[in-house]
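Peer 1: Generate coordinates for the sequence data below:
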Amino acid sequence: MQAGEMVSNIEMIQWNKQLEDELIILLKDWLKQKGRTQAELGQTLKASSTRMPAIIEELKKDFSQGGIPGVANHLCEIELLWSKKE
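Peer 2: As a prediction, the model looks like this:
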């Protein structure tokens, strides 16, 4: 498999329950590792609530515009923002 083929496969992924469940697990682990809270993530995303369904809705917007790379990019931007505040 060539690198370009891998990117194409990533971009073709559709949002589904399994992807959402895996993203929730990733987010919880990431927040724990960074010493941040779900509330902080919700506020940074400007979500309508700090509850996970509202956070997921915000990330779905990133996904619809850029797929998994769009979500990853936004989370990397948040991590950079948080690191500058420390």
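Peer 1: so what does the longest helix seen in the chain touch, helix or strand wise?
Peer 2: Longest helix in the chain by number of residues, with DSSP state H as the criterion: helix 52-85. When contacts are defined as 3 or more C-beta pairs under 8 Å, 6 or more residues apart in numbering; DSSP states H and E, helix 52-85 sits against helix 3-12, helix 17-34, helix 38-44. (Each C-beta comes from the backbone N, C-alpha and C, glycine too.)
Peer 1: what about the last one, distance to the chain center?
Peer 2: When C-alpha coordinates are averaged (C-alpha atoms, centre = their mean, to the nearest Å), helix 38-44 and its chain have centres 12 Å apart.
Peer 1: Would you mark the buried spots in stretch 38-46?
Peer 2: Neighbour counts over stretch 38-46 (16 or more other C-beta atoms under 10 Å) mark Gln38, Leu41, Gly42, Thr44, Leu45 as buried.
Peer 1: Contacts made by it with the rest, please.
Peer 2: Stretch 38-46 has contacts (C-beta atoms under 8 Å, 6 or more residues apart in numbering) with 27-28, 31, 49-52, 54-55, 58-59, 74, 78, 81-82.
Peer 1: List buried residues within these.
Peer 2: Leu27, Met52, Ile55, Glu58, Leu59, His74, Ile78.
Peer 1: quick one on the thing from earlier: tabulate the helices and strands packed on helix 52-85 in JSON lines, adding columns for distance to Glu86 and mean pLDDT.
Peer 2: JSON lines is the format used below for those (distance: least, C-beta to C-beta, whole Å; pLDDT from 0 to 100):
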{"stretch": "helix 3-12", "distance to Glu86": "31", "mean pLDDT": "53"}
{"stretch": "helix 17-34", "distance to Glu86": "10", "mean pLDDT": "97"}
{"stretch": "helix 38-44", "distance to Glu86": "12", "mean pLDDT": "97"}
